[in-house]
Structures are given as structure tokens and as C-alpha cells.
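Student: Sequence below, structure please.
(one chain, ligands or ions: 1)
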Amino acid sequence: MYPLYQNSTDLNFNDFNLHPDILEGIQSMGYETPTPIQEQAIPVILQGKDLIACAQTGTGKTAAFVLPILSINASTHKESNSLNTLVIVPTRELALQIDQQVEGFAYFSPIGSIAVYGGNDGNNWDRQRAALESGSELVIATPGRLIQHVQMGYVKLDSIEHLILDEADRMLDMGFYEDIMSIIKLLPQKRQTLMFSATMPPKIRQLAKTILHNPTEISLSVSKPAENILQAVYMVENNQKLELLNSLLQGKDYVQSVLVFASTKQEVKNIERKLIGSGISAKAIHSDLEQKERENVLREFRNRKIQILVATDIISRGIDIEDIDLVLNYDVPNDPEDYVHRIGRTARAQSDGVAITFVNRTQKASFDRIEKFLGTPVFKLKNPLNS
Ligand code: AMP
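Tutor: Purely as a prediction, here's the structure:
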């Protein structure tokens, strides 16, 4: 599902002049109508233009670039199989998720792809190396791992025709600027560059100026949260948060899936420890876990073996988990878009959901900004620990 935007179009995918192999893939993936970002981005990309697009996860942004790029590649496919398209992403999870979509859409075409990301075993390294050497046409990579492979000397990036930066704002937040620029230096000047970002702060505009050539700009106004999410706030002192969290979660077996967000991995680990200490089945997901461990945690959460997942924003971005009953913001996210993104994890696919946010004194101003953005105050619940 693409929960953040409703379709506003009569177009269907046949109207875009996509390659027949890719149309077959779209059909087999069950997509019928393009989302607004797809409607706007696909024609621009098919024309070979550079693009800067402001769009969040949940808008269908992945298919917005994957479909036209695959279509171009399917039309120009050469048996020599040289690296043709590079997608740079902030996290392994996003790399894997994009690669899965690519595999689905490219199923009826000869195009090969590989996700290149760090933190895994030697087999994976060898597989990535083999794919990079033999020239998978489409490479989806996190910056650090790609640079490691490049430094080994067997990756040739001079045949790249399309470069895509996905979640560019996250990548800059994570400190990947230098890595990205050093990769771009190895690419041909003449190429198509696409940049997707959930937000457009000045540093993103600056990066766009440096690496894009006369880009078309698409900006979808940030959506408001779905109306079927019941939002509420507890005003709390910092030292009350854990106790309140415990009391909200203890013995609530009817709440099947709960996602707890916190801003730092230390906090995430701390919450996990405290919940487990209180006999509540919870697991944390953060960047210190090995890739395999993260995948296991996510699988267990999806299969409902774990009731409560504690996560940071960075990890949560790009992971597609449906049917979450309750989102609990242990702290206030920095910007309103992160708030919308976090609470958009619940109430997907027409079901109802609840989002509760803990707001302490110092975060009051941030939450005021969120309410201003929402255009309505969020219901304040009475803090049971104060009575
Ligand atoms: P994204 O914003 O790319 O992370 O996509 C969010 C979710 O929406 C993913 O699960 C996609 O598979 C799904 N999706 C994207 N575009 C469409 C579409 N046109 N029709 C149906 N599902 C879609």
C-alpha cells in the first residue's frame, strides 16, 4: 500500500510508454494505478532529464524511479552487461527493499541487479564482488560498502549512465556527504542524475546544484496523517517515561503489534532492556546489529512473534511493515515530517491505528511545531503518574 497519498489520476501504467517487459512486471506486482509521484516523475525520467523530487517513503517513490530506469535499460540492454545504473541509499534495509522491487519489476526482462551493503559475511562480499565484476546492470549500494569495493580495484564506474540518490537528506544526516562526492567523482560527467529526498533543507539544495544538471523539480506537498489514526499526547517528565511506557504495554495482549520510536540507539537499547526486565516481549533494532540479526528481528515482528519493536528513525525509514496497532513516540521527532512518517506506520490499508507521543518540557516547542503543521491540536491525555 502507499498510505501517504491517494491516487488522483485516471492514468494507468500503459499510458507511460514503458517497455513491454517492464509492463508485464508491473502487472505481476499487482500495481494498477500510478501514485502522484509516479505520474509526475516517470515521464520526466523517460525523457532522460535530471530530476530532484521531494517525496517521502510511502508515496511510491521507489517505483517512480525504478520503472522508467528499468524501461530505458530494457530498451538499450546490451549483452556485455556493464554497470549502467547506480542507486545510492542510506541503509542496508532500503538497499534490500529497492532490490526486491527491482527484481519483481525486472522479472520478465534480462536486467540483473545487486544490492551492495556492509556488515555481512564473506559469502555476501564474494557475491557482491562477482556481480560488480561481471557487471550487474543495476547496483543499489550504501556508500561505505561501495567505496570498499571500489578501493579493491575491480569496480568500473565509468559506464554508469544513471545515478540515483535516494533519501538524500538521510544520507547527509548520517554523514555520507564525502563518500557520496568521492563516488560521484568516479562517474562520467554525462549521465542522468535523479535525487529523491523527504525534505529539502538548504544543504540538499546545495548538493543538488553541485551534481544535477538543469533538473526538473517535483515537490509533493507533505501529506497530513491519515484521518483514521487516533493521535494523543502525554505530557511527561523524563524520569516518568519508562514507567508510563511499562504501564501502557503491560498485559495488553490485545495490542498485537507496537512500534516504539526513540531518537538514539542508546535510548532504544535502554528501552528494550527495561521492557524485557518487566517481562514484556520486546526487541530493539538499531545500527549496531548485524544485518542478519536485523532481518531476523524484522521477520519475527512481521510474523507477530515479537509484539513490540523498538526502533530509531533511521532504521524505520524504508522498512515496510503493515498492520501496526500502536505507534509510541518515546520522544518527539525533530521535524513534523518525521512525525507524520512515524505515525504513518499505523493505520495502513484502511485499518485504524493509534499514535501516542511522550512530550517532556524541553520538547514542548518541537511538538508545538508539529501541531502547527498538522493544523490542529493533538488530544492531551491525563498522565496517570501525576494523579
Ligand atoms: P515507497 O514509497 O516506494 O516505499 O512505496 C511504498 C509502498 O507502496 C510499497 O510497498 C510499494 O510496493 C507500494 N506501491 C508503490 N506504488 C504503488 C502503486 N502504484 N500501486 C500499488 N502499490 C504501490
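
Student: Following element in sequence after the helix or strand of the chain with the lowest mean pLDDT, please.
Tutor: Here the helix or strand of the chain ranked lowest by mean pLDDT, DSSP states H and E is helix 313-316, holding a mean of 66. Later in the chain than helix 313-316, the nearest helix or strand by DSSP states H and E is strand 326-329.

Student: who does that following strand touch, helix- and strand-wise?
Tutor: Where contact means 3 or more C-beta pairs under 8 Å, 6 or more residues apart in numbering; DSSP states H and E, strand 326-329 is packed against strand 258-261, helix 336-343, strand 353-359. For the C-beta atoms, the positions are set from N, CA and C on the backbone; glycine is no exception.

Student: With respect to residue 369, which of these lies nearest?
Tutor: Of all these, helix 336-343 sits nearest to residue 369, with 6.2 Å by C-beta to C-beta.

Student: Give me the contact status of the closest one with the ligand.
Tutor: No. On the criterion C-beta under 6 Å from any ligand atom, helix 336-343 is out of touch with the ligand, staying 10.6 Å away.

Student: Just the C-alpha atoms of that helix, please, in CSV.
Tutor: Coordinates of each C-alpha in helix 336-343 appear next as CSV, following Å, rounded to 0.1, in the frame of the first residue of the first chain:
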residue,chain,number,x,y,z
PRO,A,336,7.0,17.4,11.5
GLU,A,337,7.7,15.2,8.5
ASP,A,338,9.4,12.6,10.7
TYR,A,339,6.3,12.7,13.0
VAL,A,340,4.0,12.1,10.0
HIS,A,341,6.3,9.3,8.8
ARG,A,342,6.5,7.6,12.2
ILE,A,343,2.7,7.6,12.9
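
Student: and that helix, average pLDDT?
Tutor: Across helix 336-343, the average pLDDT comes to 82.

Student: okay, the angle between it and strand 353-359?
Tutor: Per axes from the mean of the first three to the mean of the last three C-alpha atoms, to 10 degrees, the angle that helix 336-343 makes with strand 353-359 is 130 degrees.

Student: starting at the chain centroid, how far to helix 336-343?
Tutor: From the chain centre to the centre of helix 336-343 is a distance of 12 Å (C-alpha atoms, centre = their mean, to the nearest Å).

Student: How about the nearest residue to residue 88 once chain neighbours are set aside: which residues does it bridge to?
Tutor: Of all residues not flanking residue 88 in the chain, residue 165 sits nearest, at 5.3 Å (C-beta to C-beta, 6 or more residues apart in numbering). Bridge pairing for residue 165 (DSSP bridges) gives the partners residue 88, residue 195.

Student: low-confidence ranges in this structure?
Tutor: Along the chain, segments meeting pLDDT under 70 span 1-9, 78-80, 120-121, 221-224, 226, 254, 314-320, 322, 347-351.

Student: so where do the strands sit in it?
Tutor: Per DSSP state E, the chain carries strands over the ranges 51-54, 85-88, 113-116, 138-141, 162-165, 192-197, 216-219, 229-235, 258-261, 282-285, 308-311, 326-329, 353-359, 379-381.

Student: Switch these over to TSV; also include distance to the ligand and mean neighbour count.
Tutor: As requested, the strands of the chain are exported to TSV (distance: least, C-beta to the nearest ligand atom, whole Å; neighbours: other C-beta atoms under 10 Å):
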stretch	distance to the ligand	mean neighbour count
strand 51-54	11	24
strand 85-88	12	25
strand 113-116	15	25
strand 138-141	13	26
strand 162-165	12	24
strand 192-197	9	24
strand 216-219	14	15
strand 229-235	17	19
strand 258-261	16	26
strand 282-285	18	23
strand 308-311	16	27
strand 326-329	17	24
strand 353-359	16	23
strand 379-381	28	11
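
Student: wait, which of these is closest to residue 130?
Tutor: Short answer: strand 113-116, nearest of the strands of the chain by C-beta to C-beta, at 8.8 Å.

Student: could you check the angle strand 192-197 makes with the helix ranked longest in the chain?
Tutor: Criterion DSSP state H: the longest helix present in the chain is helix 61-76. Orientation check (the same axes, to 10 degrees): helix 61-76 against strand 192-197 gives 170 degrees.

Student: buried sites along helix 61-76?
Tutor: Using 16 or more other C-beta atoms under 10 Å as the test for burial, helix 61-76 gives 61-74.

Student: Now narrow those to whatever sits close to the ligand.
Tutor: 61, 62, 63.

Student: which residues touch the nearest residue to residue 176 once chain neighbours are set aside?
Tutor: Spatial nearest neighbour of residue 176, excluding adjacent residues (C-beta to C-beta, 6+ apart): residue 143 at 4.8 Å. Residues near residue 143 by C-beta atoms under 8 Å, 6 or more residues apart in numbering: 88, 171, 176, 179, 180, 183.

Student: I appreciate the help and will end here.
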